[in-house]
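> structure of the sequence below:
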Amino acid sequence: MRTDRRSQSLVSRPASLVSRPASLVPRPASLVCRSVSQLGRSHSPLGLVAVVALALGLGVLTSACVRHSEVIFEDTGALCPVPEGYTGSLDATMVFEAGGAITFRVAYEGCLSSSCDINREMSCEVVTDGTEIVVHSQGRFTERDGLVSCTEDCGLLEAECDSGPLPAGDYVIVHGEDRFPLTVPSAVQGLCEAPYL
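Sure, this is the predicted structure:
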């Protein structure tokens with residue numbers, strides 16, 4: 001019986017000779033993305049060319065190198081209480097009258113990119129407990145990071161909620177760890193925090 005020598009030589013060939021060179025072994029997507037990101041940070045023409053060449057040469061899609069992380073926050077951020085229906089300047093003197101309601105504007109403290117900070121949600125509610133006016137706020141958004149170009153616009157994520165009519169009295173406004181007094185009726189200036197001012 002005749003033996004096929006070609007088949008036999010392939011079977012008996014040492015594994016080291018048939019293994020693929022390390023440079024040809026597919027790299028995990030995370031390593032490729034990290035390499036592309038590091039080259040892109042060089043901000044040089046050659047670095048940018050290398051980014052494109054590496055991504056195309058290894059068949060890496062840009063979407064595979066984009067990470068998504070969810071940012072969740074609660075009872076934090078900038079607070080701006082204004083009389084209900086107020087449309088004037090936020091750094092002007094505001095008049096809070098007895099029997100009137102207060103509108104609370106709550107904003108996430110940070111600039112959000114319209115292209116990279118997506119799926120934005122924020123809400124708030126007001127609970128009056130005796131002389132305490134407690135503002136609860138919560139929000140979230142998805143942050144895109146990695147091999148992605150973000151617009152440098154500064155978007156504001158905010159919500160509004162009302163207290164309902166308040167009788168005359170001395171109150172304490174509470175939002176998370178922040179507390180400050182407010183007397184109704186009164187004329188007050190400078191209640192709003194950045195980024196409202």
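> run through this structure and note the low-pLDDT ranges.
1-64, 147, 197 (pLDDT under 70).
> can you show me the helices along it?
Assigned by DSSP state H, the helices in the chain fall at 5-12, 15-18, 29-40, 45-57.
> what domains does the record give for this protein?
5-60, 69-188 (automatic domain parsing).
> now the terminal residues of the last one, how far apart.
The one in question is domain 69-188. With Cα to Cα, to the nearest Å as the measure, domain 69-188 spans 40 Å from end to end.
> do stretch 88-95 as well
11 Å.
> for it, which residues meet the burial criterion?
Met94 (16 or more other Cβ atoms under 10 Å). For glycine as for every other residue, the C-beta is placed from the backbone atoms N, C-alpha and C.
> neighbouring contacts of that stretch?
Residues from elsewhere that reach stretch 88-95 (Cβ atoms under 8 Å, 6 or more residues apart in numbering): 80, 82-83, 86, 185-192, 196-197.
> show me what contacts the nearest residue to Glu143 once chain neighbours are set aside?
Leaving aside its chain neighbours, Glu143 sits nearest to Ser69 (5.1 Å; criterion: Cβ to Cβ, 6 or more residues apart in numbering). Contacts for Ser69 (Cβ under 8 Å, 6+ apart) come out as Thr142, Glu143, Asp145.
> PyMOL command to pick out the buried ones of those?
The PyMOL command for the buried members of the contacts of Ser69 (criterion: 16+ other Cβ under 10 Å) is given here:
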select buried, resi 143
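> among the contacts of Ser69, name the ones in strands.
Thr142, Glu143, Asp145 (DSSP state E).
> turn those into TSV, columns for distance to Pro167.
Converted to TSV, these look like this (distance: Cβ to Cβ, whole Å):
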residue	distance to Pro167
Thr142	42
Glu143	43
Asp145	49
